[in-house]
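K.L.:
Here is my input; please provide its structure:
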Amino acid sequence: MIQRFDTPASTLLLGCLFSPLLMADDTTLELKQQIVTAPSVESTTVADMAHYGSKVDIITREQIERAGPSADVTRALQMFVPGLYVAPKNGPFDYGTYSLLGGRNDDTLILLDGVRLNNRLYGGLYLDTLPANAIERIEVLKGGQSLLFGTQAISGVINIVTRSPLTRTASGEVNLGLDTFGGTTGDSRVEKIFSNGFGDLGLLAYVSHNVSEGYEPFRTSDTQNVTQKKRAYEVTTFGGKAIQSFGDDARLELFYQYADANLDFARPVDDHKTTNDRVQQIATATFEQNINERLSYFLKGHVNDWDTRYTRVNNTEGGGTQVINHNDYWGFTDWGVQAEAKAVLPGDHILIIGSDNQWFKGQDDVLIIDNEKAEAHALYTQLRPQIDALPNWHPSIGIRHEAMSGGDSATVGMLTSLYDLNDNWAVRGQYGTAYKLPNAEQLFVNEPGDELGNRDLKPEKSRNAELGIDYKGSVLERDLQASVTLFKRKIDDLITLDDIQWVNGQGQIEMRGFEVDANLALNDQWSLQADMTRNLTESRAGVTINDVPSFFARSRIGYESLDRLWGTGGAVRYVRDVISSRGVEYGHYSVVDADAYRYLDNAHQHRLSLLVENLFDRDYVTSRASNVDNLGRPFTTEVRYTYRF
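P.N.:
Have a look, this model is predicted:
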């Protein structure tokens, strides 16, 4: 993850927070000062790229809290990110379908504090064990971003930023929640900043527990010979962060998170018991230093370890059971080291040079993969010139080269531009190439008659263009922020499954469309947000892209009391047609949610929160598997009590 140190060291403070202001000028994200001096340990890649022409959206801590007591990351993304289509498969803590700017499910790169969560062995997005209580904000950087982030950043990057210690007195919070499906949640957090001989030491620890019997994810008419009709889950997470500053110019951050999840894997036919019992551990260490006002660097190492025991027991026609899998192991370990330097050249031009090195290994007793090791190494550089003759123009240009064992290398370039027309209007754009390296499953899977790998797969490459205009000002004396983004993507060598073998598809896929979003303050108490996205796909030579909605939209109205002691809101999301991988159309639904909160004291220590999901109990389809509809969450009420100290 790229770090930025051009802000003077005395104002780069521990646990700095990005404000959720989506501005049209170069103040897209605003750093709020805290009490400990040192370089900011938070990544500022998102803020930087917003300054140079990329579209950025931020989910704040306040929004995350409104996502409900049982909220995972997927729920928060679904409720609040403009232009991001999210369809959780079977409710919280399950897999989901994602689409950003017309991208496929794994075209978006997911990061946790800058660490890649998309695994190189199996691809895909793994968010089903991440609770929301440990998250400070979620940063969404849209468009092709392979230059800075590598493979799978085809349509954008989502960076999940964990909380950092902020206060010198011991503080924290406790949350307790329940829902109408018998689900219970509990989480707590404590933090404090100490002083020692080196500088300041900030410590933070958190724990959470989420459990539910779940709901029935299939229609009764679609289930056959099934014992357990509900999809249950139990997720326990704990973690901590330590940040040691060394004077005003250097710091070391250590982070660790452990998640233990027992997750049902619902199946509509002959299912007696199917579970994923999982342990995931993530650890990072980051050291960063300002050598002087013009030169800085950081070093970052990480380990992401994922261990799953998969059990599948079928019901047989005679009333007995058949064990297909019994605690069969599948998992992986990713580890890597990233180094980056940033130099301010004469003329105030900024030069970024970095190296990103990652290693992967895995084991799968469920799916046979002949080679379960991989490594990838990348070098990248970006120049952000300062053009005195055009002070309102903020361009950047860069190149990246990455090679992966067992596959071809890829080289990409990227050009971005932001031009401030005046105090209210700005035009932005970016053009570049992006790539997706084949994963180990696609290269080496060996399931005869079912799925076969292809060692000759080439990287999937795309050309991406985004053009947008942003407005921040007022309409009829009401504050308004709005943006329009046009996007177009052409994909060559699409990696796809041709019957049973992974191949590079012939011809070219073209995805184009637009995204519109707006935020209007009706007055000091009422606000209105809305967004919509249109996706148009054109395929040649029979290659297709599936599970991307042709159109979806969202709107939310919110009310806050003048004293900010209570508030309420309602939201509706609409999804038009979606085509599954088997060519079956689904979608066509509208879902209404509502939420409210009330502080019980003026000090904002005690709070009650309410979330009502699917207010009108709409029966809607989030995805299709084996020609059976997976149903979205039915009418659900969740209540949470929060105590802050």
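
K.L.:
chain center to stretch 141-159, what's the gap?
P.N.:
Computed by Cα atoms, centre = their mean, to the nearest Å, the chain-centroid distance of stretch 141-159 equals 11 Å.

K.L.:
That stretch - what's its average pLDDT?
P.N.:
Stretch 141-159 shows a mean pLDDT of 90.

K.L.:
do the same with stretch 230-239
P.N.:
Average pLDDT, stretch 230-239: 93.

K.L.:
Now do the helices in the stretch 1-150 of the chain.
P.N.:
Using DSSP state H, counting those that start in this stretch, the helices of the stretch 1-150 of the chain run over 45-51, 61-65, 73-80, 146-149.

K.L.:
nearest to residue 262, of these?
P.N.:
Closest to residue 262 of these is helix 73-80 (Cβ to Cβ; 18.0 Å). All C-beta atoms are positioned from the backbone trio N, CA, C, and that covers glycine.

K.L.:
Just list what that closest one packs against, helices and strands only.
P.N.:
Contacts defined by 3 or more Cβ pairs under 8 Å, 6 or more residues apart in numbering; DSSP states H and E place helix 73-80 against strand 56-59, helix 61-65, strand 84-88, strand 135-142.

K.L.:
name the helices or strands packed onto the shortest one?
P.N.:
Using 3+ Cβ pairs under 8 Å, 6+ apart as the contact criterion, the elements in contact with strand 56-59 are helix 45-51, helix 73-80, strand 135-142.

K.L.:
How far away from the center of its chain is it?
P.N.:
Centroid displacement of strand 56-59 relative to its chain, using Cα atoms, centre = their mean, is 11 Å.

K.L.:
just the last one next, same as before
P.N.:
Shown here is strand 135-142, whose average C-alpha point lies 7 Å from the average C-alpha point of the whole chain (Cα atoms, centre = their mean).

K.L.:
CA atoms only for it, dumped as PDB, please.
P.N.:
C-alpha atoms of strand 135-142 as PDB (Å, rounded to 0.1, in the frame of the first residue of the first chain):
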ATOM      1  CA  ILE A 135     -13.100  -1.000  11.200                       C
ATOM      2  CA  GLU A 136     -12.500   2.700  11.200                       C
ATOM      3  CA  ARG A 137     -13.400   3.400   7.600                       C
ATOM      4  CA  ILE A 138     -13.600   1.800   4.200                       C
ATOM      5  CA  GLU A 139     -11.900   3.500   1.200                       C
ATOM      6  CA  VAL A 140     -13.100   2.700  -2.300                       C
ATOM      7  CA  LEU A 141     -10.900   3.700  -5.200                       C
ATOM      8  CA  LYS A 142     -12.600   3.200  -8.500                       C
END
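
K.L.:
Name the residues that touch it?
P.N.:
Contacts to strand 135-142, defined as Cβ atoms under 8 Å, 6 or more residues apart in numbering, come from residues 17-18, 20, 45-46, 49, 54-61, 64, 73, 76-77, 81, 83-84, 100-101, 155-164, 466, 485.

K.L.:
next one: stretch 230-237
P.N.:
90-94, 129-131, 134, 206-217, 257-266.

K.L.:
most packed of the helices and strands packed on helix 73-80?
P.N.:
Most buried of the helices and strands packed on helix 73-80 by mean neighbour count (mean count of other Cβ atoms under 10 Å) is strand 84-88; its value is a mean of 25.

K.L.:
Which other helices and strands does that strand contact?
P.N.:
helix 73-80, strand 96-100, strand 621-625.

K.L.:
now the angle from that strand to strand 135-142?
P.N.:
If you take axes from the mean of the first three to the mean of the last three Cα atoms, to 10 degrees, strand 84-88 sits at 120 degrees to strand 135-142.

K.L.:
Pull up the pairing partners for strand 84-88, direction included.
P.N.:
Next to strand 84-88 in the sheet, as set by DSSP bridges, lie strand 96-100 (antiparallel).

K.L.:
which stretch among the helices and strands packed on strand 56-59 comes nearest residue 538?
P.N.:
Comparison of those against residue 538 by Cβ to Cβ identifies strand 135-142 as nearest, at 21.1 Å.

K.L.:
Beta-bridge partners for residue 336, please?
P.N.:
Here residue 336, judged by DSSP bridges, has bridge partners residue 302, residue 358.

K.L.:
What does the pLDDT read for it?
P.N.:
Looking at residue 336, its pLDDT stands at 92.

K.L.:
Any idea how many residues pack against it?
P.N.:
20 (other Cβ atoms under 10 Å).

K.L.:
mind listing what it touches?
P.N.:
Contacts of residue 336 by Cβ under 8 Å, 6+ apart are 116, 301-302, 356-359.

K.L.:
Make CSV from the helices and strands packed on strand 56-59 and add distance to residue 366 to it.
P.N.:
CSV is the format used below for those (distance: least, Cβ to Cβ, whole Å):
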stretch, distance to residue 366
helix 45-51, 36
helix 73-80, 23
strand 135-142, 30
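
K.L.:
worst average pLDDT in these?
P.N.:
helix 45-51 (a mean of 79).

K.L.:
That helix packs against which elements?
P.N.:
Judged by 3+ Cβ pairs under 8 Å, 6+ apart, helix 45-51 is in contact with strand 56-59, strand 135-142.

K.L.:
helix, strand or coil for residue 217?
P.N.:
coil (DSSP: H, G, I helix; E, B strand; the rest coil).

K.L.:
OK, contacts around it?
P.N.:
Contacts for residue 217 (Cβ under 8 Å, 6+ apart) come out as 89-91, 231, 266, 630-631.

K.L.:
Compare those residues and tell me which is most surrounded.
P.N.:
Neighbour counts for the contacts of residue 217 peak at residue 91, which has 30 neighbours (criterion: other Cβ under 10 Å).

K.L.:
wait, that one sits on residue 215?
P.N.:
Yes - counting by Cβ atoms under 8 Å, residue 91 touches residue 215, with 6.3 Å between them.

K.L.:
what residues do those two have in common as contacts?
P.N.:
The contact lists of residue 91 and residue 215 share 231, 633, where a contact means Cβ under 8 Å, 6+ apart.

K.L.:
Give me the below-cutoff pLDDT ranges for this structure.
P.N.:
The chain contains residues with pLDDT under 70 at 1-43, 46, 69-70, 120, 123-126, 128-129, 131, 406-407, 540-543.

K.L.:
that older thread, among the helices and strands packed on strand 56-59, which is nearest residue 555?
P.N.:
Nearest to residue 555, of all the helices and strands packed on strand 56-59, is helix 73-80, at 11.9 Å by Cβ to Cβ.

K.L.:
So which bits of the closest one are buried?
P.N.:
Going by neighbour count (16 or more other Cβ atoms under 10 Å), the buried part of helix 73-80 is 73-80.

K.L.:
Adding distance to residue 344, write the helices of the stretch 1-150 of the chain out as TSV.
P.N.:
Below are the helices of the stretch 1-150 of the chain laid out as TSV (distance: least, Cβ to Cβ, whole Å):
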stretch	distance to residue 344
helix 45-51	13
helix 61-65	32
helix 73-80	35
helix 146-149	18
